[in-house]
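Student: From the sequence below, what's the structure:
(chains A and B)
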Amino acid sequence: MSDLRVRFAPSPTGYLHIGGARTALFNYLLAKKNNGTFVLRIEDTDVERSTQESVDAILFAMDWLGLSYDEGPFYQTERFDLYKQKVQEMLDNGKAYRCYCTPEELEAKREKAMAEGRKPKYDGTCRNRTDQPDAPFVVRFKLPEDKEETTFNDRIKGPITFRHEELDDLIIQRSDGTPTYNFVVVIDDAEMDINLIIRGDDHVNNTPRQILLYEAMGYAVPEFAHVPMILGSDKKRLSKRHGATSVMAYQEMGILPEALINYLARLGWSCGDEEIFSMADLIEKFSLENVGRAAGVFNPEKLNWLNSHYIKTGDVSRLAELLKPFLTAKGVDFSNGPDMAAVVKTLQERSSTLIEMADGAAFYFAETIEYDEKAREKFLTADQADLFAVVVEQLEACDQFNHDGLDRAFAVVMEKTGLKFGKVAQPLRVALTGVTASPSIYEVLEVLGKDRSLRRIKAAQQALV
RNA sequence: GUCCCUAUCGUCUAGCCUGGCCUAGGACACCGCCCUUUCACGGCGGCGACGGGGGUUCGAAUCCCCCUGGGGACGCCA
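Tutor: Below you'll find the predicted structure:
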């Protein structure tokens, strides 16, 4: 096989969908694995619905995911001359014809066919007409009649055969003169030397006609690999009502790109019992042979689990940077707070998203602690006065505000008060964080630092109920 | 409706091609126990599937057929 050339060809009519991201990922992976070329092409022949904002959003999302392309982005709207020329050639050599049927007529026939239980197909009304009325027309591809069926060997699904009687003469040029998807996709994939087309399952029905178009235009037919769709929890095609479908929505939810990549790759593909894959692992191990043939249900819990894994094992300073926008979004001013990296370290094992981490980190930066009412009633009571007095005394005397130093200080506190550590820790936790769940007390004290910690404890002494 | 695809725990899946190693393995979720200064992490254990029916075979999750379920397509969208 010649050098592998694959492509991702989104239509810019919205954000990058996670289904699209997955087919982009599979293309990218295979290209990298085989030292091939990954082409990005923007399918914007539907000028009505295509927008520059969508193009930007898609490019941005691909960049966030780390899916870089080797060629492109190519825009189909910039290639209309080529398509025009191809349409003319088709017309000239009798492989296409003008059709003057109106959309209304076609719609009526479609409905009639459906009602009668037949597959709606164009009936060929204009197929053999020779006149050229002065009326709007579309150009249709004349379905070749020399074969009864078309078969292709899908790299994922195996051999698939369509009887030509299921097909009809498809429109390759609209009445406004613009070319249609099924036509340009063939021209572009052929002209860009794409030899393996990896795309969504929903395109298998288009494949036989596209193959016929390749043949009609004298192009080599590429290989196809149709990846199954992603479904929602009700096994319906994944859509907004199942939750977020946009790649960038996951970023906003505090998901790391490597977690999304890992999740998307494992949805419908596997490698033994392995679950954790870096991009490098995927490039090394991915193969079409191990892609499943059935549609898969999107499972946010597993994505979250992967995300918690990547947060747990992620680089601290990177996470610190990623966390900042989430803190800002919460209205947390971290300009004078404790060291962000130190904060992150205490939260890595207890956060499954950056949102959770931001929630857990907010108390570090608070000017004054707002106590959870229940926590205050339980732990900041007047009978804790003696305990807090001893704690303040010992922490003020503590000259090493780290684990060992604090351990020595609290040994004294426990001895003087006769309390077990648990009885000391909880009231102190509420004093320092306002709530009953937080990173360990030593970590909190150390990250907060001596001054900030003492200020909070003293404030709590004033707030005892 | 017609055509195409598809079918292992609730979900993602291993196993299927090259039948016996499968009293079907892993992961998420869930439950329990342990660890423990809280919450988590972690460790251990549990729950839980070959859609149904026919074949072929000494033997089928694995091969064949039918049924059923699910998805997709049927556009002057892509």
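Student: which residues does the spatially most central residue of chain A contact?
Tutor: The C-alpha lying nearest the average C-alpha coordinate of chain A belongs to A:Val247 (CA atoms, centre = their mean; 3.3 Å). Going by CB atoms under 8 Å, 6 or more residues apart in numbering, A:Val247 touches A:15-18, A:21, A:61, A:64-65, A:260. C-beta here means a position set from N, CA and C on the backbone, and glycine is covered the same way.
Student: cool, and A:Arg140?
Tutor: Shown in contact with A:Arg140 (CB under 8 Å, 6+ apart): A:96-99, A:122, A:126-127, A:169-172.
Student: go again using 10 Å as the cut-off
Tutor: For A:Arg140, the contacting residues are A:90, A:96-99, A:101, A:122, A:124, A:126-127, A:168-173, by CB atoms under 10 Å, 6 or more residues apart in numbering.
Student: cool, A:Arg293 as well?
Tutor: Contacts for A:Arg293 were tallied using CB under 10 Å, 6+ apart; they are A:154, A:156-158, A:201, A:226-228, A:268.
Student: Could you give the backbone dihedrals for it?
Tutor: The phi/psi pair for A:Arg293 (degrees, to the nearest 10) reads phi -100, psi -10.
Student: From A:Met217, how far off is it?
Tutor: A:Arg293 sits 30 Å away from A:Met217, going by CB to CB, to the nearest Å.
Student: Please apply the same query to A:Phe26.
Tutor: Distance, A:Phe26 to A:Met217, by CB to CB: 27 Å.
Student: helix or strand right after the lowest-mean-pLDDT helix or strand in chain A?
Tutor: Least confident helix or strand of chain A, by mean pLDDT, DSSP states H and E, is helix A:103-115 with a mean of 86. Next helix or strand after helix A:103-115 toward the C-terminus (DSSP states H and E): strand A:138-141.
Student: Is the next helix or strand after that next one positioned near RNA strand B?
Tutor: As assigned by DSSP H and E, the chain's next helix or strand after strand A:138-141 is strand A:149-154. No - Strand A:149-154 lies apart from RNA strand B when judged by CB under 7 Å from any atom of the strand; the minimum separation is 7.6 Å.
Student: What residues sit buried inside strand A:149-154?
Tutor: Neighbour-count burial for strand A:149-154, counted by 16 or more other CB atoms under 10 Å, picks out A:150, A:152, A:154.
Student: if you skip the residues just before and after it, what's nearest to the most far-flung residue of chain A relative to its centre?
Tutor: Distance from the C-alpha centroid of chain A, by CA atoms, centre = their mean, peaks at A:Lys416 (55.8 Å). Closest residue to A:Lys416 apart from its sequence neighbours, by CB to CB, 6 or more residues apart in numbering: A:Val390 at 5.1 Å.
Student: Output the helix or strand hosting that neighbour in PDB, but only the C-alpha positions, please.
Tutor: In this structure, A:Val390 sits in helix A:385-397 according to DSSP H and E. Extracted in PDB, the C-alpha atoms of helix A:385-397 (Å, rounded to 0.1, in the frame of the first residue of the first chain):
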ATOM      1  CA  ALA A 385     -12.500  27.200  73.900                       C
ATOM      2  CA  ASP A 386      -9.800  25.500  75.900                       C
ATOM      3  CA  LEU A 387      -8.800  23.300  72.900                       C
ATOM      4  CA  PHE A 388      -8.400  26.300  70.600                       C
ATOM      5  CA  ALA A 389      -6.400  28.200  73.300                       C
ATOM      6  CA  VAL A 390      -4.000  25.300  73.500                       C
ATOM      7  CA  VAL A 391      -3.800  25.000  69.700                       C
ATOM      8  CA  VAL A 392      -3.100  28.700  69.300                       C
ATOM      9  CA  GLU A 393      -0.400  28.500  72.000                       C
ATOM     10  CA  GLN A 394       1.300  25.500  70.400                       C
ATOM     11  CA  LEU A 395       1.100  26.700  66.800                       C
ATOM     12  CA  GLU A 396       2.500  30.100  67.800                       C
ATOM     13  CA  ALA A 397       5.400  28.300  69.400                       C
END
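Student: Appreciated, that's everything.
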